[in-house]
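> need a 3D model of the following:
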Amino acid sequence: MGMMGGNGGRVQKIEDYRGVVRAIRRAGRIAVCVHMFPDGDALGSMTGLALALQRLKKDVTLFSPSALPARYRFLPHYSSIRLKPADSSPFDLAIALDCASWVQLGKFHEDVFLKAKQAVEIDHHTFRKPFANLKIIDKKAAAVGEIVYRLVRMLGLSPDRKMAVCLLVSIIVETGSFRLPTITADTFRICAELISRGVHYYQLVEKSYWSRTRQEAMLLGICFSRVRFYNRGRLAVTYVRASDLKRLKANEEDVDPIADQIRTLKDIKAILLFRQMFDGRWRVSLRSKGYVNVGRIAEEFGGGGHPDVAGCFIGRHDMKRLISRTQKEL
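Sure, this is the predicted structure:
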């Protein structure tokens, strides 16, 4: 299979890959950081890239601005991902994965990225704000794991079983277990090669996507019971309070899959899931079945994402405004 796959439009991005390859080869100490509240796409692509960099004898440090979902603790290097900045000299290279803007890096934007000698962003979000001089942005990629796979190939490496596990987690989670319209023929070609590395696919998809905690199941029931419908049932809105998480001893990762479950309701065109944060803000998950560009709406409220999957943070006073804005699209 060719490095750029069958999509001829991506060939023009080859210079972007080459620029990042050169930066990696020159660097000795490399920092890799993901976005706040990292998901399987972020953590899978991060750990896969870390394995590749270590094979190149690089000194790699991994950072996350938020606590890690326990669901992905089986990934290599999971336990070595740092939640606090390192007290050390500036890194030769800092790489941001799956970040639509510098804001998603949290404290690591100032403490790691701005101090690094060179910075790179690798992403696939449709609605985003560039923040690094070097970048690989492929808005047609189904997951950042696809981009990392191509980068690994450009670095002259072949994925082994551990790396294949990481990159498959990225793709499985970001495509909703191969259900979203972002999937292309390249997605399946890449996955076929990765699975051929000796991956037990059934076990992997169960661990990374289909298994559910009791807390998640109870929160799902609560959210379904609170759903309010607008625009003759085309918009579904629900919420999770911080007190719900405290009462059920749940955490953020138990809330993450709920918006996609509500999306399965018949006749729904768009979904807004509001979750109250302990700092008083509300984190919003926006979903669409293609009739509404929720990525553009999220961008208007300081967030970003894709046309069908997006997110943002708002204050309580903006909740009604966001609902009204979404209604206008229906």
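> give me the below-cutoff pLDDT ranges for the chain.
1-12 (pLDDT under 70).
> the helix ranked longest in it packs against which elements?
Within the chain, and with DSSP state H defining each element, the longest helix by residue count is helix 40-55. Counting contacts by 3 or more C-beta pairs under 8 Å, 6 or more residues apart in numbering; DSSP states H and E, helix 40-55 packs against strand 29-33, strand 59-63, strand 93-97, helix 144-154, helix 161-174. For the C-beta atoms, the positions are set from N, CA and C on the backbone; glycine is no exception.
> who are the packing partners of the third one?
So that's strand 93-97. helix 14-26, strand 29-33, helix 40-55, strand 119-123.
> and the residue nearest to residue 162 when sequence neighbours are not counted, what does it touch?
Spatial nearest neighbour of residue 162, excluding adjacent residues (C-beta to C-beta, 6 or more residues apart in numbering): residue 76 at 5.3 Å. The neighbours of residue 76, taking C-beta atoms under 8 Å, 6 or more residues apart in numbering as the test, are 47, 50, 51, 162, 165, 166.
> tell me how many other residues surround the last one.
Here the count is done by other C-beta atoms under 10 Å, and residue 166 has 27 residues near it.
> distance of the residue of the chain positioned farthest from its centre from residue 330?
Here the centre of the chain is the reference, and by C-alpha atoms, centre = their mean the most remote residue is residue 232, at 31.9 Å. For residue 232, the distance to residue 330 (C-beta to C-beta, to the nearest Å) stands at 9 Å.
> the domain parsing of the chain - what is it?
Residue ranges for the domains of the chain, per automatic domain parsing: 8-209, 214-327.
> winner for burial among those domains?
Comparing the domains of the chain by mean neighbour count (mean count of other C-beta atoms under 10 Å), domain 8-209 comes out on top with a mean of 20.
> tell me which stretches of the stretch 201-330 of the chain form helices.
Per DSSP state H, counting those that start in this stretch, the stretch 201-330 of the chain carries helices over the ranges 201-205, 214-226, 242-248, 252-255, 258-262, 294-300, 319-327.
> in which helix or strand would I find residue 136?
strand 134-137 (DSSP states H and E).
> contacts for that strand?
Residues beyond strand 134-137 that count as contacts (C-beta under 8 Å, 6+ apart) turn out to be 13, 16-17, 19-20, 23, 118-124, 128, 130, 147, 151.
> once you drop chain neighbours, what's closest to residue 144?
Nearest to residue 144 is residue 45, by C-beta to C-beta, 6+ apart, at 4.1 Å.
> what does stretch 66-75 rub up against?
So stretch 66-75 is in contact with 36-40, 43-44, 47, 78-79, 81, 83, 106, 165-166, 169, 207-208, 211, 251-253, 256, going by C-beta under 8 Å, 6+ apart.
> the spatially closest residue to residue 268 that is not a sequence neighbour pairs with what?
Nearest residue to residue 268 in three dimensions, chain neighbours excluded: residue 236, at 5.1 Å (C-beta to C-beta, 6+ apart). Beta bridges link residue 236 to residue 229, residue 271, judged by DSSP bridges.
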